[in-house]
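Asks: predicted model and sequence follow; I will ask about them next.
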Amino acid sequence: MIEPHSLVTFKVDGLRFGIDVARVQEVLRATTNTRVPLAPQVIGGLVNLRGEIVVALDMRRRLGLPDAARDAQRMNLVVRTPEGPISLIVDEIGEVMEPTEDQLERIPDTLRGPVRQYADGVVKASGGPLLILNVERAIDMRGS
Amino acid sequence: MDDIDDMEEVINDFLVESHENLDRLDRDFVAFEADPSQKALLPAIFRAIHTIKGTCGFLGYSKLEALSHVGETLLGKMRDGTLAPTQARITALLAMVDAIRAMLHSIETTRNDGADDHAALRGTLTALLTDAPEEPAPVATAAPVATPAPIATPAPIAPPAPIATPTPIAQPAPIAQPAQIATTAPIATPAPIATPAPIATPAPAVPQPARPAPGEPATAPTTASATESSVRVDVALLGKLMNLVGELVLTRNQLLQHTNLGGDPGLMAATQRLNLITSELQEEVMRTRMQTVGTVWAKFPRLVRDLCASCGKQVRLEMDGQDTEVDRTLLDAIKDPLTHIIRNAVDHGIEAPARRIAAGKPAEGTLSLRAFHEGGQVNIEIVDDGGGIPLDRIRKKAIERGLITPEAAARMLDQDVINLIFVPGFSTAEAVTNVSGRGVGMDVVRTNIEQVGGAIVLESREGEGTRIRIRIPLTLAIVPALIIECSGDRYAIPQVSLVELVRIEPEDVATVVEHVHDVPVIRRRGKLLPILTLARELALPLEKNGGAVSLVVLQAADQCFGIIVDRICDTAEIVVKPLGRMLKDIGVYAGATIMGDGGVALILDVIGLATRAGLLGESSAGFRAEAAASAIAVAGEGKQRVLVVGSRDDARIAMPLDHVERLEEIPAAMIERTGSQEVTQYRGGILPLVRLSRVLTERRTHPRHGPTWGPPEGDLLPVILYSSNGNHVGIIVDQIHDIIEEELTARRPAVRAGVLFSVVLLGRVTEMIDLEWVVASLERPGPAFHRAAGPKNTAASGAE
């Protein structure tokens, strides 16, 4: 079962997600990400994180959602991984929330597609349901 | 808690120090054995063992202490001259070094000096303490081999230890494996305690005071005297320092960019100064990462000695340029390849003494290692005077393994045959020895070297020897690079690969850039250079400027090619940052770097780019075809290798061999068709076929038309596999006559389409066909062959 953690919330194409706050290294405004030709689609580019070059994954593409508008101001959510930081490009960052245990639920069986693949559970939150992102799966590049 | 941590630290220091000492021991022992007159080496050897013994006594490793104690006693007597340094003694002492190493390894992993008390070895050493009969029994077998060159002697390791131990190591053959002694020494042997009980005071735990060694070995001055003026620094710390300097360089670059826009003179002066200091700092920090190749080579004398012993060969190892400095990461990368090459040289390269003598060579082979700097790169040469690479055996092996057909093998250039050894899984060793011949080898060597941006070239002359040349860059951390722009993004190209920059003015583009098939080429100094458009290779939108073309000429391996970029920006010292696996796998990026303005630029991997474009590697035939086209079109002079085929009406037709990837024979029954196109299944793909006689004759009457084929004639059809830009076409000919090397002079203009010119070959008028034209007759939507134009603007100039 999913442990209740403090979650950093964010939105991708209207969908609300949460991610364990302990996994988040920092949040940055998405500046000019350098594109990587020939890279898998989900790779949204490279970010200069104070001298460290970090790969950014476009969460819209990862979740099979339509691309963001060209001029959309998006955010880099930098998460810690055993191989160093990786940035997730999301639409906007929300507040940090602390779900109670009874707010946590399994993903409804009717939810299908990539979103289900990358979600661990659902939080019944006041602003609508919140999907808990499985970071390991989201950053796993095998098969993409 | 603290005590335990302190202890850990002491043990770690002990391990690091002891490993260094042992490495030196190996080298010193072998040097001493080679030249027993070098008595000066003995005190150094003695001290090293003494230090180990003292420290491990202090740390409570009694087995290790007991062993090193016996060794020390023996060494002491040898040093004092009371005992002669016989080969048996040296061999036993080397076995002791191995045993100590095994124990150290055990300490490293388990904090325990192991279950094995090496009683047998101790017994051997003790037995050798008395100057009894010159060589005790088991050794006698090998004693007659009193060779002049001690490195080469097939030294029997079988310990001459009948006195103390109940023959635990039953290795009667003179060819024993020294390295195994340490690991296979019996564990359970109830060895009589032959060692004199550890004499009271173990030496203090402090390392031996580095007193000025009286007769420091002349062979290893750098390592031996380094203790006084050097500090041991954690490699990770150096790495961190290097990263910080990298950051500093970036910041400096940013600062320079801002101040260059104009500003306060005081600020500009300070910035300039910062600039200079940063450069100097960068250079110095880089030097801290430098190590001499000698640190890797130090292991080789022992390696060669042991190999000789187990292969029954005599080899003299010569080393030159040990103090050549290389970045330590690179050194790590070439360590295994070098070891492998040396193993190969001794095991396969240098012949057994008897064979050498029979071949009129000295019984003792020479293996020489040479390192030197050249053009910002480090060169390492490994030369042996052995038998060279047996071309016939390689051909045979390659055919056996199905790598090439017998025809192809027979037609291959010698150098191409040699290069077969770099093919994965290739080994010519008749028998798999414990040294080499398992078929993992030169391909891995090459991969390792290429991974660090190096290159390896192998030359061999049968009967005379082999020369392997390895070239690696000095450092990988900060490299000078050319910054270019493509589709609005910047990319860095390491200067090492850069040959030249060419700007083609708009009005010249049409004349300078020619096409062979679909591949654009330009002529540079009489050679055709294939050209890639970077944006196209990277699948980026092409920038339309219609203006001048900026061409960057690069060298990858031994191939030159040009890439068209949108703009050439600048040169810069860039700090190479590694890319994660997911991006590395793309294969065209060597890393990334941060530019002066904080943006990220990808560093192009030139070899990867060329390979991706089909200019290198397995599909290099495409490139060779281009090169061959150039040979016809441009050079015209000099000899050329051509393949002569016959047509049914006994006319002679020739084509440049370099266009040809392979000669095959396919059964007529294998020919299938898709629409009007004849095809065959070939290596898991579909190979379009074209019949030479049909295309040529038919062309004469009504040009390019969907051909209608009659029934195939003959059972096995000779097929010329032609490859261009990764696409293959099979050309069915009636008969393959010969491959000859001729000067294609005395030409006559062509009389029919598809022919470049006529020439006299083998006493017959022969038509030189335009393979490109033949291939273009295929109605096929492949990028390379889909060309509407005939031979007009391509190789047609060759007909003039």
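Replies: It's in.
Asks: interface residues of chain A facing chain B?
Replies: Residues of chain A found near chain B (Cβ under 8 Å from any Cβ of the partner chain) are A:32, A:34-40, A:43, A:46-48, A:51-53, A:55, A:83-84, A:141. To be clear about C-beta, it is placed using only N, CA and C from the backbone, and glycine gets the same treatment.
Asks: make a ChimeraX selection of the buried ones in those.
Replies: A single ChimeraX command selects the buried members of those (16 or more other Cβ atoms under 10 Å in any protein chain shown):
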select /A:34,35,36,37,39,43,46,47,48,53,55,141
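Asks: now, which of the residues of chain A next to chain B lie within strands?
Replies: Judged by DSSP state E, the subset of these located in strands is A:Ile43, A:Leu46, A:Val47, A:Asn48, A:Glu52, A:Ile53, A:Val55.
Asks: hmm, which two among these are most spread apart?
Replies: A:Ile43 and A:Glu52 (16.6 Å; Cβ to Cβ).
Asks: mean confidence (pLDDT) on whichever helix in chain B runs longest, please.
Replies: Ranked by residue count, the top helix of chain B under DSSP state H comes out as helix B:2-34. For helix B:2-34, mean pLDDT is 75.
Asks: what's it packed up against?
Replies: Secondary-structure packing of helix B:2-34 (3 or more Cβ pairs under 8 Å, 6 or more residues apart in numbering or on different chains; DSSP states H and E): helix B:41-59, helix B:87-110, helix B:221-224, helix B:300-311.
Asks: now do 6 Å
Replies: helix B:41-59, helix B:87-110, helix B:300-311 (3 or more Cβ pairs under 6 Å, 6 or more residues apart in numbering or on different chains; DSSP states H and E).
Asks: quick one: buried residues of that helix?
Replies: Here helix B:2-34 shows B:11, B:14, B:17-18, B:20-34 as buried, counting by 16+ other Cβ under 10 Å.
Asks: helix B:300-311 and that one, what's the angle between them?
Replies: Counting by axes from the mean of the first three to the mean of the last three Cα atoms, to 10 degrees, helix B:2-34 lies at 60 degrees to helix B:300-311.
Asks: if we can go back for a sec, what about the helices and strands packed on helix B:2-34, which gets the closest to B:Leu529?
Replies: helix B:300-311 (41.0 Å).
Asks: could you export the closest one as PDB, CA atoms only?
Replies: Extracted C-alpha coordinates of helix B:300-311, given in PDB (Å, rounded to 0.1, in the frame of the first residue of the first chain):
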ATOM      1  CA  PHE B 300      54.300  -5.700 -17.600                       C
ATOM      2  CA  PRO B 301      57.800  -7.100 -16.800                       C
ATOM      3  CA  ARG B 302      56.300  -9.500 -14.400                       C
ATOM      4  CA  LEU B 303      53.500 -10.300 -16.800                       C
ATOM      5  CA  VAL B 304      55.900 -11.000 -19.600                       C
ATOM      6  CA  ARG B 305      58.100 -13.100 -17.400                       C
ATOM      7  CA  ASP B 306      55.200 -15.200 -16.200                       C
ATOM      8  CA  LEU B 307      53.800 -15.600 -19.700                       C
ATOM      9  CA  CYS B 308      57.100 -16.700 -20.900                       C
ATOM     10  CA  ALA B 309      57.300 -19.300 -18.200                       C
ATOM     11  CA  SER B 310      53.900 -20.700 -19.100                       C
ATOM     12  CA  CYS B 311      54.300 -20.500 -22.900                       C
END
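Asks: now do that helix: which elements does it pack against?
Replies: helix B:2-34, strand B:315-320.
Asks: dump these into TSV; add distance to B:Val552 as well.
Replies: As requested, the helices and strands packed on helix B:300-311 are exported to TSV (distance: least, Cβ to Cβ, whole Å):
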stretch	distance to B:Val552
helix B:2-34	45
strand B:315-320	37
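Asks: closest to B:Ala572 out of these?
Replies: Of the helices and strands packed on helix B:300-311, nearest to B:Ala572 by Cβ to Cβ is strand B:315-320, at 36.0 Å.
Asks: what strands line up against that closest one, and which way round?
Replies: Using DSSP bridges, the strands paired with strand B:315-320 in its sheet are strand B:365-374 (parallel).
Asks: contacts for the very next helix or strand once past the partner strand?
Replies: Sequence order places strand B:377-384 as the next helix or strand after strand B:365-374, per DSSP states H and E. The contact list for strand B:377-384 (Cβ atoms under 6 Å, 6 or more residues apart in numbering or on different chains) reads B:326, B:341, B:345, B:349-350, B:367-372, B:465-473.
Asks: what does stretch B:311-326 give?
Replies: By Cβ under 6 Å, 6+ apart, stretch B:311-326 touches B:149, B:152, B:154, B:175, B:290, B:292-294, B:297, B:301, B:304, B:308, B:346-347, B:350, B:352-353, B:363-372, B:378.
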